[in-house]
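Student: sequence first, predicted model second:
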Amino acid sequence: MRHKTSVLIVNSRERESKVRQVPTHIIMNWRKYAMLTTSLVAALFLVAGFLIYQNTSRFYREKLERANYIRSRIDGRVEGNISLKQGIILGDKAFVEGNMESDYIILFGHIRGNVKSKEIVLKSTGTVQGDIVTDALEIEMGSRYNGNLKISRIEEVEGGDYEPKPVEIVPLKQYEDE
């Protein structure tokens with residue numbers, strides 16, 4: 001049989017008090033329960049922090065690998081085509097009139113011409129007047145783009161035997177009359 005102790009709980013805001021029955025062993029061992037609760041909360045924060053660290057460190061590791069791969073930065077006016085394998089950063093004051101081709105392109109500046117790359121990042125200060133052909137495209141809010149876009153290397157939908165089915169479009173008035 002467990003013993004219970006009466007505890008008076010006073011609420012100073014509402015000027016109300018309540019009497020509650022609490023098991024005596026909790027009152028006698030409150031420090032142990034407080035320590036256990038604190039340890040559990042700390043463990044949860046530790047696990048959450050570790051998971052967040054893993055995801056963000058992977059994200060930045062990938063960004064750094066790409067940044068180390070890029071070797072050329074353009075910060076002026078260029079008239080003509082640019083083709084570099086290792087990546088290009090087009091600075092915010094740069095203007096290119098011609099086509100640009102590379103594995104990775106980060107556009108802070110302006111280009112009037114077609115852009116072809118595995119990966120393109122169009123920053124908020126960047127503008128493109130021309131067609132884009134890429135495998136992956138990231139566009140920040142505020143950037144401007146005028147042209148056609150072709151995303152290549154689109155993975156086939158699972159269950160590749162998908163057959164499109166014809167759909168009949170019926171005008172709304174004809175449907176209402178029936």
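Tutor: Arrived safely, thanks for sending.

Student: give me the distance from the longest helix that the chain contains to the chain's centre.
Tutor: Looking across the chain with DSSP state H, the single longest helix is helix 30-69. The chain centroid and the centroid of helix 30-69 are separated by 18 Å, computed with CA atoms, centre = their mean, to the nearest Å.

Student: any idea of the mean pLDDT for the helix or strand just after that helix?
Tutor: Where DSSP states H and E defines the elements, the next helix or strand beyond helix 30-69 is strand 72-74. Across strand 72-74, the average pLDDT comes to 85.

Student: list the buried residues of strand 72-74.
Tutor: Ile74 (16 or more other CB atoms under 10 Å). Quick note: C-beta positions are derived from backbone N, CA and C, even for glycine.

Student: how far does that strand sit from the chain's center?
Tutor: The answer for strand 72-74 is 26 Å, by CA atoms, centre = their mean.

Student: next: stretch 137-152.
Tutor: For stretch 137-152, the distance to the chain centre is 17 Å (CA atoms, centre = their mean).

Student: alpha carbons of that stretch, as CSV, please.
Tutor: What follows is stretch 137-152, C-alpha atoms only, in CSV (Å, rounded to 0.1, in the frame of the first residue of the first chain):
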residue,chain,number,x,y,z
LEU,A,137,17.9,25.2,-61.5
GLU,A,138,17.7,27.4,-58.4
ILE,A,139,16.0,30.8,-58.7
GLU,A,140,16.0,33.3,-55.9
MET,A,141,13.2,35.7,-55.3
GLY,A,142,13.8,39.0,-57.2
SER,A,143,15.8,37.6,-60.1
ARG,A,144,14.5,38.1,-63.6
TYR,A,145,14.4,35.7,-66.5
ASN,A,146,13.0,36.0,-70.0
GLY,A,147,13.3,32.9,-72.3
ASN,A,148,12.7,29.2,-72.7
LEU,A,149,13.6,26.7,-70.0
LYS,A,150,14.6,23.1,-70.7
ILE,A,151,15.3,20.8,-67.7
SER,A,152,17.1,17.8,-69.0
